[in-house]
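> I'd like to go over a predicted model; first the sequence, then the structure.
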Amino acid sequence: MKTEILDSVEKKSLKTEIPKFEVGDTVDVHCKITEGDKTRIQIFTGTVIARKGRGMGESFIVRRIVGDEGVERVFPLHSPNVVSVKTVRGGRTRRAKLYYLRQRSGKSVKLSEEKRTEQKAS
Amino acid sequence: MMLLGKKVGMTQIYDDAGKIVPVTVIQAGPCTITQVKTEQTDGYTAIQMGFDDVKKSRQNKPQIGHAKKANDIPKRFIREFRLKGQSADYKQGDKITVEVLAEAKRVDIVGTSKGKGFQGVMKRHGFGGMPASHGTERKHRSPGSIASHATNRGHCGHPKKGKRMAGHMGDVRITSKNHKLVSIDVEKNLLVVKGSVPGAAGGYVIVKQSKGSK
């Protein structure tokens, strides 16, 4: 009963439509950025290397290489500032957390295989 | 106004600005007014309210008799709320719900903190302890000197009264003030309050409207 009550409180903050993406996918994360009184949308593109948590606390990590440096950002999945997540390219993975990508550099190691994402229709 | 309730637990929600707010959910009321105390009968005016039913097998006859006057089941958590003026507005058997706090912006919450057992002086009072090295042996977490006859003339070398020492920590009544009231759910009798609230989930709490104008 305890969790039911807490869930009902959380529910108002949860997104009704959760963006569809998987670990390994290359995604465009559109996030709202407020500077002073202006808001704009910034797009962060990278590979989803982990998705963790549940309910309100669910978040995902996007990693990209800028210059020679790896950059990771953690996005709360249900944050209103994460406007949308669009899959650019599917990636084939054999594990849920791709932390091993952190040890790798160069194009050959970083890229995972392409995956067909058309199965959604079925 | 006062309300009795039970701490359900903590969670997070997003506010209008898209920021995460840590909140505690309290199931408050409906409280039954089990007794109305008046100047004539009791010497002071107050209302006594009860919350959370006692299980059938645990009820005893005095409890049943007392609750019967308010046409209700015996309550587990009973507290009194002093009234300044007359108690004419309240009748025995009336129910108080979260609606009484509808206009409140901030609330004070009284609860019983989690018991920590017998704790040393560092955890209990935040003492600094003794050095880790430089010859310190077996007393790294000790309070140090607690008295000397030179510092404390008139006490004959005894420690001063109220000297902070190791002992039982927690499990005391704590008032946590000025919590922002985030939302009220009248249907489910829920209060959502910003921040943490004393006590474990499932513990009883008293919710009062804060006195400050904030």
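Looks like it arrived, so ask away. Numbers count the residues shown, from 1 in each chain, chains lettered A, B, ... in the order given.
> which one's the longest helix in the chain?
As the question left the chain open, I've gone with chain A. The single longest helix within chain A, with elements called by DSSP state H, is helix A:2-10.
> try again with chain B
Longest helix in chain B, counting by DSSP H: helix B:61-68.
> next helix or strand past that helix?
strand B:75-82 (DSSP states H and E).
> Give me the angle between that next one and helix B:61-68.
Between strand B:75-82 and helix B:61-68, the angle comes out at 60 degrees (axes from the mean of the first three to the mean of the last three C-alpha atoms, to 10 degrees).
> Please identify the pairing partners of strand B:75-82 and their relative orientation?
Strand pairing for strand B:75-82, using DSSP bridges, gives strand B:46-53 (antiparallel).
> near chain A, which residues of chain B?
Proximity of chain B to chain A (C-beta under 8 Å from any C-beta of the partner chain) is limited to residues B:8-9, B:11-14, B:18, B:20, B:23, B:25, B:27, B:185, B:188, B:190, B:192, B:201-202. To be clear about C-beta, it is placed using only N, CA and C from the backbone, and glycine gets the same treatment.
> Type out the ChimeraX command that picks the buried ones from the residues you listed.
Typed into ChimeraX, the line below selects the buried ones among those, using 16 or more other C-beta atoms under 10 Å in any protein chain shown:
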select /B:8,9,11,12,13,14,23,25,27,185,190,192
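> Go through the residues of chain B next to chain A and flag which are in strands.
Under the assignment DSSP state E, the residues of chain B next to chain A contribute B:8-9, B:11-14, B:20, B:23, B:25, B:27, B:185, B:190, B:192 to strands.
> Mind picking the one among those residues that's closest to B:A102?
For these, the residue nearest B:A102 by C-beta to C-beta is B:D185; the value is 11.4 Å.
> Provide a list of residues in contact with the closest one.
A:S8, A:V9, B:V98, B:L191, B:V192 (C-beta atoms under 8 Å, 6 or more residues apart in numbering or on different chains).
> List the beta-bridge partners for it.
Beta-bridge pairing for B:D185 (DSSP bridges): B:L190.
> I'd like the distance between it and A:A50.
Remark: distance between B:D185 and A:A50 (C-beta to C-beta, to the nearest Å) = 34 Å.
> From A:G70, how far out is A:Y100?
As defined by C-beta to C-beta, A:Y100 lies at a distance of 13 Å from A:G70.
> Comparing these two, which residue is more hemmed in?
Neighbour count, other C-beta atoms under 10 Å in any protein chain shown: between A:Y100 and A:G70, A:G70 has more, with 15 against 10.
> For the host helix or strand of that one, buried residues please.
Per DSSP H and E, A:G70 falls inside strand A:69-76. For strand A:69-76, the neighbour count (16+ other C-beta under 10 Å) marks A:F75, A:P76 as buried.
> tell me what that strand is packed against?
strand A:26-35, strand A:38-52, strand A:59-66, strand A:82-89 (3 or more C-beta pairs under 8 Å, 6 or more residues apart in numbering or on different chains; DSSP states H and E).
> most tightly surrounded among these?
Greatest average neighbour count among the helices and strands packed on strand A:69-76 goes to strand A:59-66 (a mean of 17), per mean count of other C-beta atoms under 10 Å in any protein chain shown.
> Have a look at chain A and report the helix or strand with the lowest mean pLDDT.
helix A:107-110 (a mean of 58; mean pLDDT, DSSP states H and E).
> Which helix or strand contains the nearest residue to B:H168 once chain neighbours are set aside?
The shortest distance from B:H168 to any non-neighbouring residue, by C-beta to C-beta, 6 or more residues apart in numbering or on different chains, is to B:F118 (5.7 Å). B:F118 is part of strand B:117-119, with elements assigned from DSSP H and E.
> Do a quick rundown of the helices in chain B.
All helices of chain B, identified by DSSP H, fall at B:39-42, B:61-68, B:121-125.
> Need those helices in a markdown table (columns: distance to A:F60).
Converted to a markdown table, these look like this (distance: least, C-beta to C-beta, whole Å):
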| stretch | distance to A:F60 |
| --- | --- |
| helix B:39-42 | 61 |
| helix B:61-68 | 53 |
| helix B:121-125 | 38 |
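> got a markdown table for the ones you listed, with distance to A:M56, mean pLDDT and mean neighbour count too?
As requested, the helices of chain B are arranged in a markdown table below (distance: least, C-beta to C-beta, whole Å; pLDDT from 0 to 100; neighbours: other C-beta atoms under 10 Å in any protein chain shown):
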| stretch | distance to A:M56 | mean pLDDT | mean neighbour count |
| --- | --- | --- | --- |
| helix B:39-42 | 48 | 86 | 10 |
| helix B:61-68 | 39 | 89 | 13 |
| helix B:121-125 | 31 | 95 | 16 |
